[in-house]
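Peer 1: Any chance you can model this:
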Amino acid sequence: MTLDLDADLRAGGWDCHTHVFGPYAQFPLAEDRSYTPPEATQDDYVAHLARLGLKHGVLVHPSAYGEDDSLLRNALAAHPDWRGVTVKQRASRAELVALRDLGVRAARFSQRSGAGANFAGSASFADLQAMAPDLANAGMHAELWTDCMTLDTLADSIGKLPIPVVIDHMGGFDVKAGIDAPGFRALLSLLEGGQVWVKLCAYRNTLGGSLEQAQPFQEAMMAANPDRLVWGSDWPHLRVEPAPDAAELLATFRRWAGSDERVRAVLIDNPARLYA
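Peer 2: Below is the predicted model of the structure:
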């Protein structure tokens, strides 16, 4: 890893998946939330980016706030180097355009396998399909929190959408099923064809095991299409004990990437295009 690359990351590197919470006296959580996280404020996030040696951040609106995006709006207004991902089950075209002007670049949707997998009130894949034309008109993309069991059934529909789709958490791959599992192969096919982007954020798929189990999955994605990959720390690592060290997650990604060129693509060039 070169000193020039580290300097470039400080000037233009991205952490593409994070959340902020609070202060709760100013930005209270939704009353009907399913979890209560500790505060992780904008000042904490500034320190997080500095520790990682990155400049830009992407804030994903958390479900604990329901559809109240006051904190997201406040953060983007105060930090023009950041971008946002909102959660809306429905929104007018004018509202989406206004959000984009503020720094929001995507709306997040959830479609996962298993009973109770999707948060109550969260926007679904059906909502994504309904909103896609207006998202396209606003110059925004969709972010989809899903898993490989579900992706196998959604792949055809994703490929027909008129907007880019960014898959969270590396598609929720199953380390036991391996890289030849049908759902993961479907994800690789979408990635190879440029029909999706993928956020490299491996640790949630390896909880209870070793992070090294994720290396073959990242390498397969790199081989499929390194120009459609971005990286996210998932800070502040909600409901995970013990929480991972974000700096170690970043260092692991860089080690697995195999070259400074690939690190530069994933941490600088690709997100600069996606979140422009």
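Peer 1: so who does M131 touch?
Peer 2: K88, R90, A91, A107, A123, A142 (C-beta atoms under 8 Å, 6 or more residues apart in numbering). Every residue, glycine included, has its C-beta placed from N, CA and C.
Peer 1: Return the members of the residues you listed classed as buried.
Peer 2: Neighbour counting with 16 or more other C-beta atoms under 10 Å marks K88, A91, A107, A123, A142 as buried within those.
Peer 1: So which of those are in strands?
Peer 2: Among these, the members found in strands (DSSP state E) are A107, A142.
Peer 1: what would the buried ones among the contacts of M131 look like in JSON lines with distance to D81 and pLDDT?
Peer 2: Formatted as JSON lines, the buried ones among the contacts of M131 follow (distance: C-beta to C-beta, whole Å; pLDDT from 0 to 100):
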{"residue": "K88", "distance to D81": "24", "pLDDT": "87"}
{"residue": "A91", "distance to D81": "25", "pLDDT": "89"}
{"residue": "A107", "distance to D81": "21", "pLDDT": "96"}
{"residue": "A123", "distance to D81": "27", "pLDDT": "88"}
{"residue": "A142", "distance to D81": "23", "pLDDT": "97"}
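Peer 1: In terms of distance to A155, which of the buried ones among the contacts of M131 ranks first?
Peer 2: A142 (14.6 Å; C-beta to C-beta).
Peer 1: Would you quantify the distance from that closest one to L135?
Peer 2: The gap separating A142 from L135 is 6 Å, by C-beta to C-beta, to the nearest Å.
Peer 1: shared neighbours of these two, which are they?
Peer 2: A106, A107, I163.
Peer 1: nearest to L99, of those residues?
Peer 2: Of all these, A107 has the smallest distance to L99: 8.5 Å, by C-beta to C-beta.
Peer 1: For the closest one, name its beta-bridge partners.
Peer 2: The residues listed as beta-bridge partners of A107 by DSSP bridges are T86, A142.
Peer 1: any idea which element H17 lies in?
Peer 2: strand 14-18 (DSSP states H and E).
Peer 1: Can you give me the buried ones in that strand?
Peer 2: Of the residues in strand 14-18, W14, D15, C16, H17, T18 count as buried by neighbour count, 16+ other C-beta under 10 Å.
Peer 1: Please apply the same query to stretch 92-104.
Peer 2: Residues L96, V97, L99, R100, G103, V104 are the ones in stretch 92-104 that count as buried (16+ other C-beta under 10 Å).
Peer 1: same check, this time on stretch 212-223
Peer 2: Within stretch 212-223, the residues scored as buried using 16+ other C-beta under 10 Å are A214, Q215, F217, Q218, A220, M221, M222.
Peer 1: pLDDT and distance to S113 added to the residues you listed, as a markdown table?
Peer 2: Putting the buried residues of stretch 212-223 into a markdown table (pLDDT from 0 to 100; distance: C-beta to C-beta, whole Å) gives the following:
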| residue | pLDDT | distance to S113 |
| --- | --- | --- |
| A214 | 96 | 19 |
| Q215 | 97 | 24 |
| F217 | 97 | 18 |
| Q218 | 97 | 22 |
| A220 | 98 | 21 |
| M221 | 98 | 20 |
| M222 | 97 | 26 |
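Peer 1: List just the nearest of the residues you listed to M170.
Peer 2: F217 (6.1 Å).
Peer 1: Quickly note the distance from that closest one to A177.
Peer 2: Distance, F217 to A177, using C-beta to C-beta: 11 Å.
Peer 1: Overlap in contacts, the two.
Peer 2: F184.
Peer 1: The nearest residue to L29 once chain neighbours are set aside: how many residues sit nearby?
Peer 2: Sequence neighbours aside, A64 is the residue nearest to L29 in space, at 4.9 Å (criterion: C-beta to C-beta, 6 or more residues apart in numbering). Neighbour count for A64, taken as other C-beta atoms under 10 Å: 18.
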